[in-house]
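> A predicted structure for the sequence below; I have some questions about it.
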Amino acid sequence: PPAHCVLYRGDAFRPLKYWELQPADSSHLKTDADYLEAFTEVYTEAVRSRLRCHKNPASMLSGGLDSSTVVALARDLLVAGGEPPLRVYSGISEEGSVCSETAAIQAVVSGGNLESVQLRPSDSDGCLDLYLASLQDLEDPFDCDWALVFLMLMLAGRDGCRAMLTGVDGEHAIGAPTGYISQMIRRGQLREAWRESCGFSRHYYRGAYSARALYLRALRSSVVPDYLRVAKMKALGPLRHRREIKKYAIDSRFAARVNLRSRLRQRDQSRRFNPHKGLQAWHKHIMEVPFLAVGIERWERHGSYAGVEPRHPLLDVRLLQFSAALPLAQKVHGGWSKILLRRLADGRLANSVAWREGFEQLGWMFTRQVVEGSRADLNLAIKPASAKAANYLAQDPRGDFANTHFSLAQAGSWDQQWSHWRHYWLYHWLGQIQR
């Protein structure tokens, strides 16, 4: 897991934790203005530290709150220092389509002092051969899903950039647990929990889930004892694991050889968190959940191929320590998530960015463009590639390996095409590790 090393002694491995998040002292902060001022200072220094580069740095800009605030602070710092404008790389929708993500990106760029490089999904066609060539040596079979990230990093590298700032990962850095409304109910804050449910329904789900449904779900969660929830997970775990192994057509002998069920239990345990332990314990917990480390490592792999170093101001240790000490009221307010980031953005960015509702991303459009552009070639290669997975995949009753009959060229829905695309690169990766 993250923040651990492995000690090998004799014939045994033992994990050792070498770092743990320690919350900063925030006892001197009393008002919203105090918290905002302190947060702005810490966040600005996190960005400043990552602007140091022997060549002009760049930044990704997705239009989301996280990357937009990184760009806003970096822009101000460079202007104050008399440096050239910050170059930002973005993925936007095709011309003529309506998209809140694209509108937010344009709103940030219109603030000036930025050199904007914008990619549309159709631009992926010109880089398809380069992207497919990079995947030939992929170290993780699911790196194939990050077409937009790869394209931005490759363009930045071609433009001479050697460092790119990102907006990873505001949810962990300055956000709150997903079950925070149920925790408010447990503390007897029924009216406050209802107001949060109303705001969350309006600002995040934009009415897709009603406030009543969110409140009732939180209420139900709040009355279930933790020991029952843990007991249920443990009782249903073996059945869920068998279904997962069957769903992904993993050969039972291979699963037994690598002790897959034990690994799945460890995965489930790493996700489990007792909300009664409080916000500080939650921050420590999420720093040790493997998924964040997996995402960072994926950024690093794509960056190394492009010769560009991804840098993540929102994962600065000083900022994480500050955030771990924040009360819930400085994380969410009225259904608005990451409230400190929004208050910082208010005045620096357009209201449509600072108080943007909903959640929309464009990365899948770029992956889809790449998948559709390569269907014919990969359709010819998928069966030979699947033969390399013979020791890992279960056989169906016809004696054929599961999934080898997939045809990217004939796949109908996007979900089918995406599944076939991922299977092909999984087969390819399995062939690599056997060499």
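Cool, the structure landed. Just so we're clear, the structure is a prediction, and the values are computed from it rather than from any experiment. Residues are numbered from 1 along each chain as shown.

> Would you mind identifying the next helix or strand past the host helix or strand of residue 196?
Using DSSP states H and E, residue 196 falls within helix 190-203. Moving toward the C-terminus from helix 190-203, the next helix or strand (DSSP H and E) is helix 211-223.

> in that next one, what's buried?
Residues of helix 211-223 classed as buried by neighbour count (16 or more other CB atoms under 10 Å): 211, 214, 215, 218, 219, 221, 222. Using the backbone N, CA and C atoms, a C-beta is placed for each residue, glycine as well.

> Between helix 190-203 and that helix, find me the angle.
130 degrees (axes from the mean of the first three to the mean of the last three CA atoms, to 10 degrees).

> residues of the helix or strand following helix 211-223 that come out buried?
Later in the chain than helix 211-223, the nearest helix or strand by DSSP H and E is helix 226-247. Applying a neighbour-count criterion of 16+ other CB under 10 Å, the buried positions in helix 226-247 are 241, 245.

> any low-confidence regions in the stretch 201-350 of the chain?
Counting by pLDDT under 70, the stretch 201-350 of the chain contains no low-confidence segment.

> again, only using 90
Low-confidence segments of the stretch 201-350 of the chain, defined by pLDDT under 90, span residues 204-209, 221-237, 244-254, 266-295, 305, 347.

> For the stretch 301-435 of the chain, just list every one of the helices.
Remark: helices assigned in the stretch 301-435 of the chain by DSSP state H, counting those that start in this stretch are 317-324, 339-345, 351-354, 363-386, 414-434.

> which helices and strands sit right next to the fourth one?
With contacts taken as 3 or more CB pairs under 8 Å, 6 or more residues apart in numbering; DSSP states H and E, helix 363-386 sits against strand 86-91, helix 128-135, helix 147-158, helix 414-434.

> ok, residue 166 - contacts?
59, 60, 67, 70, 299, 310, 311, 312 (CB atoms under 8 Å, 6 or more residues apart in numbering).

> shouldn't residue 241 be in contact with residue 262?
No: taking contacts as CB atoms under 8 Å, residue 241 lies outside contact range of residue 262: 9.6 Å.

> From residue 167, how far off is the nearest residue to residue 270 once chain neighbours are set aside?
Nearest residue to residue 270, sequence neighbours excluded (CB to CB, 6 or more residues apart in numbering): residue 289, at 5.6 Å. Taking CB to CB, to the nearest Å as the measure, residue 289 falls 19 Å from residue 167.

> These two: who's more crowded?
More crowded of residue 289 and residue 167, by other CB atoms under 10 Å: residue 167, with 22 against 17.

> Are we agreed that the more buried one is in a helix?
No: counting by DSSP: H, G, I helix; E, B strand; the rest coil, residue 167 is not part of a helix but coil.

> While we're on it, how confident is the model there?
We have a pLDDT of 95 for residue 167.

> what residues are up against it?
Contact analysis of residue 167 by CB under 8 Å, 6+ apart lists 60, 62, 64, 65, 66, 67, 68, 69, 70, 314.

> try it again with 10 Å
59-71, 173, 312-314 (CB atoms under 10 Å, 6 or more residues apart in numbering).

> Strands - which of those land there?
59, 60 (DSSP state E).

> circling back: dump the helices and strands packed on helix 363-386 to CSV, plus mean pLDDT, distance to residue 354 and mean neighbour count.
Listed next are the helices and strands packed on helix 363-386 as CSV, based on pLDDT from 0 to 100; distance: least, CB to CB, whole Å; neighbours: other CB atoms under 10 Å:
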stretch, mean pLDDT, distance to residue 354, mean neighbour count
strand 86-91, 97, 17, 25
helix 128-135, 87, 34, 15
helix 147-158, 94, 23, 23
helix 414-434, 81, 33, 18
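
> Throw the ones you listed into JSON lines and include distance to residue 333, thanks.
Below are those laid out as JSON lines (distance: least, CB to CB, whole Å):
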{"stretch": "strand 86-91", "distance to residue 333": "29"}
{"stretch": "helix 128-135", "distance to residue 333": "41"}
{"stretch": "helix 147-158", "distance to residue 333": "31"}
{"stretch": "helix 414-434", "distance to residue 333": "37"}
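
> what about the ones you listed, which gets the closest to residue 267?
Proximity to residue 267 (CB to CB) singles out helix 414-434 among the helices and strands packed on helix 363-386, at 18.3 Å.

> got the angle for the closest one vs helix 363-386?
In terms of direction (the same axes, to 10 degrees), helix 414-434 departs from helix 363-386 by 50 degrees.

> Is the residue nearest to residue 270 in contact with residue 266, as I believe?
No: with contact defined as CB atoms under 10 Å, residue 289 does not reach residue 266; the gap is 11.7 Å.

> Please enumerate the shared neighbours of these two.
Residues touching both residue 289 and residue 266 (CB under 10 Å, 6+ apart): residue 1.

> list the contacts for residue 300?
Counted by CB under 10 Å, 6+ apart, residue 300 has contacts 309, 310.

> Distance of it relative to residue 92?
25 Å.

> pLDDT below threshold where in the stretch 51-200 of the chain?
Residues of the stretch 51-200 of the chain that meet the cut-off, pLDDT under 90, sit at 53-56, 95-99, 125-145, 169-173, 175-179, 183, 186-187.

> coming back round to it: closest one of the buried residues of helix 211-223 to residue 126?
residue 214 (44.1 Å).

> Number of residues surrounding the residue lying closest to the closest one once chain neighbours are set aside?
Nearest residue to residue 214 in three dimensions, chain neighbours excluded: residue 197, at 4.4 Å (CB to CB, 6+ apart). Neighbourhood size, residue 197 [other CB under 10 Å]: 25.

> which residues touch residue 197?
181, 184-185, 209-219, 335.

> Let's see that with 6 Å instead.
For residue 197, the contact set (CB atoms under 6 Å, 6 or more residues apart in numbering) comprises 181, 211, 214, 215.

> surely residue 325 meets residue 26?
Yes: at 4.2 Å, residue 325 counts as touching residue 26 under the criterion of CB atoms under 6 Å.

> Sweet, I'm off.
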